[in-house]
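A.B. asks: For reference, the sequence and a predicted model appear below.
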Amino acid sequence: MSDAITAQLDQDVRGISPLRASWLRFSRNRLAVASCGVMALICLMCFALPLCFPFTGNDADFANLSAPVNLASIHPFGTDDLGRDLFLRTLEGGRMSLLLGFFGAIVSVVVSVCYGAVAGYLGGKIDALMMRTVDVLLSTPFMFLVILINLMLGRTNASLFLAVVIGLWLTPSIIARSQAVSLRNREFIYAARAGGMSSAQIIVQHVIPNSVNVVIVYSSLLVLEAILTESFLSFLGLGIQPPNASWGTLIAEGAQQLESDPRLLILPGAFLALTLLSLNYITDGLRDAFDPNDR
Amino acid sequence: MNGPPLLTVNNLTVHFRLRRSLLERSSVVVKAVDGVGFSLGTGESLGVVGESGCGKSTLGKAILQLVPESRGEVIWLGQDLGTASSSSLRMIRREMQMIFQDPLASLDPKMTVERIIGLPLRTFFPGLSRDEVRRKVLEVMEEVGLPRSVAGRYPHQFSGGQCQRIGIARVLIMRPKLIVCDEPTSALDISVQAQIINLLLQLRQDYQMSLLFISHNLAVVRHLCDRVMVLYMGKVVEIGTRDAIFASPRHPYTRVLLNAAPRVGNEARGHYSRVSLQGEPGSPVNPPPGCRFQGRCPRASEICRKEEPQLNGARESNQVACHHPH
């Protein structure tokens, strides 16, 4: 009996969920879709291509110090002054940057949406306390926090990750909180309370799903910001420690040798710029697709 | 009415505090509901009427303990909800449910119809299997006249009337003893209103449910309710059986209210004169001393400006709070 009902239901026209409608709108935006393709290609290169090389980016090739660009040779984009393959180092650095960027953004979004939803829905003193905490963190200089974290946890990748998340989750949590405040007095929330749901259930089942589409637009911007923050911290020497590389450290090294060997700056710089540009277009596409004012 | 009442409300008061600014300590109190009392028997339906802003909706929400600012007693089958523990309040909430004014806004836009209707069931009985919930949801959908094929759709794909049917199905799935209907038809077309009203009537007969029907549509109240309560600025001005209220209203405000409703044919040559009200109702922030209706009342006299009239129970069928009742 129940199987028959299930089968019948699945056969019937399923509704178009608001999320799918947004996705359809996004897929019609050619620039955004093309940017997704570019991003996918960059990710593929950074994660798959290094496996094809017989050496790693940290191996020095003393026979080929500062080799020039020669696409036919084993070092297609040459080596740096220590004989390390530049292209491979850029790809491996990209792996670090992208991982930090995406995971940093995802963790920031999850933390901020949950935090904002709880503060906004509960309101009152809890809300005031939670949001004043955010204000205090926002008004503390970012570099000060980063140095503090570095002192406490040492200069590890974990502390860099933590620094990125701490720098990024604050603003989206304010957005999520204001969304939760506006949801709190909607009738379907009253209906949920009359239906016996506890605050925790309402936050998880009603408030968070309805806050996500507001934050999702901002979250694609976060990937970009996370990559930039990582590059910026690495550039200053607070991030990835040598001999490991990220785009930020590579650019920092390249900038020092700009006059003698501009390749060192141009290759990682071009990858970073291309990534940020694609992410920008993707963000634009997402905003157009999800913007509630558009409907 | 036989047996103890299902619901008794004593001196229910909702005062909202508005703070003028962050630094100013003094606050303004809005008396949305001020000392309302009534009782409701099993299977009985009580209409609550009054103009916009008189506290009707707040009253409904306060009874369901959805307004934290409310004071006074709400007694459900002998138990005071104000002092009930949160777990026993949860159990009681199974039995009292609410239908909302804006049908679309009362449904979560991110959920399918099936999920919306099944949610209360899954909240109260987490042990139920997916198929059991689905079976009940489809059953109740049929009951309120929704085709099974729409179970997978989202609220924005429905008309207002269908959304209200979804809202009713969500309430009905718990088989509540009391449904608070907060102007369930005011956002709907006339033809759809009739369908929803008939659906409510039908369900009331089938399941012996009590209704607290909040509305400003007097024709609907007359059609659906056994008793009528008239609110003015958060106070009960008149309460009585439907026939008594509609045939011989005693409070001047009730008369005006009934007069304002359009009538057709013979009825139009009514037995009481046409009076329409001048001015706006006073502000609930600073109600005048004495009777709250005095400023607009054709019968107001000296005593109305000094002394607040109390509900008097001289006639069981019709109680009125007025110094000069008709």
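C.D. replies: Looks like it arrived, so ask away.

A.B. asks: how much space between residue A:19 and chain B?
C.D. replies: Distance, residue A:19 to chain B, by Cβ to the nearest Cβ, to the nearest Å: 8 Å. Every residue, glycine included, has its C-beta placed from N, CA and C.

A.B. asks: which residues sit in contact with that residue?
C.D. replies: A:213, B:110 (Cβ atoms under 8 Å, 6 or more residues apart in numbering or on different chains).

A.B. asks: next one: the one 4 residues further on
C.D. replies: When contacts are counted by Cβ under 8 Å, 6+ apart, residue A:23 is found next to residue A:289.

A.B. asks: and it, how far is that from chain B?
C.D. replies: Distance from residue A:23 to chain B, counting by Cβ to the nearest Cβ: 14 Å.

A.B. asks: tell me which residues in the helix or strand harbouring that residue are buried?
C.D. replies: Here residue A:23 sits within helix A:18-27, counting by DSSP states H and E. Within helix A:18-27, the residues that qualify as buried by neighbour count (16 or more other Cβ atoms under 10 Å in any protein chain shown) are A:18, A:21-22, A:25-26.

A.B. asks: what would those look like in JSON lines with pLDDT?
C.D. replies: Output for those, formatted as JSON lines (pLDDT from 0 to 100):
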{"residue": "A:18", "pLDDT": "72"}
{"residue": "A:21", "pLDDT": "78"}
{"residue": "A:22", "pLDDT": "80"}
{"residue": "A:25", "pLDDT": "82"}
{"residue": "A:26", "pLDDT": "84"}
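
A.B. asks: Residue A:68: what secondary structure?
C.D. replies: Classification of residue A:68 using DSSP: H, G, I helix; E, B strand; the rest coil returns coil.

A.B. asks: again with residue A:87
C.D. replies: The three-state label given to residue A:87 by three-state DSSP is helix.

A.B. asks: chain center to the helix holding residue A:23, what's the gap?
C.D. replies: With Cα atoms, centre = their mean, to the nearest Å as the basis, helix A:18-27 stands 21 Å off its chain's centre.

A.B. asks: cool, stretch B:226-243 as well?
C.D. replies: In terms of Cα atoms, centre = their mean, the centre of stretch B:226-243 is found 11 Å from the chain centre.

A.B. asks: Need the distance between the two termini of it.
C.D. replies: Taking Cα to Cα, to the nearest Å, stretch B:226-243 runs 8 Å from one end to the other.

A.B. asks: And for stretch B:78-86?
C.D. replies: Start-to-end, stretch B:78-86 (Cα to Cα) is 17 Å.

A.B. asks: got the buried residues for that stretch?
C.D. replies: B:81, B:84.

A.B. asks: Check what contacts that stretch and list those residues.
C.D. replies: Residues from elsewhere that reach stretch B:78-86 (Cβ under 8 Å, 6+ apart): B:4, B:65, B:70-75, B:88-89, B:92.

A.B. asks: okay, how far is it across stretch B:145-157, tip to tip?
C.D. replies: 16 Å.

A.B. asks: Next, the contact list for residue B:88, please.
C.D. replies: residue B:79.

A.B. asks: for the helix or strand just after the helix holding residue A:23, packing partners?
C.D. replies: Next helix or strand after helix A:18-27 toward the C-terminus (DSSP H and E): helix A:30-48. Helices and strands touching helix A:30-48, by 3 or more Cβ pairs under 8 Å, 6 or more residues apart in numbering or on different chains; DSSP states H and E, are helix A:18-27, helix A:86-122, helix A:263-290.

A.B. asks: Could you tell me the least trusted of those?
C.D. replies: Averaged per stretch, pLDDT over the helices and strands packed on helix A:30-48 is lowest on helix A:18-27, reaching a mean of 80.

A.B. asks: C-alpha coordinates for that helix, PDB please?
C.D. replies: What follows is helix A:18-27, C-alpha atoms only, in PDB (Å, rounded to 0.1, in the frame of the first residue of the first chain):
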ATOM      1  CA  PRO A  18      13.000  27.600  -4.800                       C
ATOM      2  CA  LEU A  19      16.600  26.300  -4.800                       C
ATOM      3  CA  ARG A  20      16.200  24.600  -8.200                       C
ATOM      4  CA  ALA A  21      14.600  27.700  -9.700                       C
ATOM      5  CA  SER A  22      17.600  29.700  -8.600                       C
ATOM      6  CA  TRP A  23      19.900  27.100 -10.100                       C
ATOM      7  CA  LEU A  24      18.000  27.200 -13.400                       C
ATOM      8  CA  ARG A  25      18.500  31.000 -13.500                       C
ATOM      9  CA  PHE A  26      22.100  30.600 -12.700                       C
ATOM     10  CA  SER A  27      22.700  28.100 -15.500                       C
END
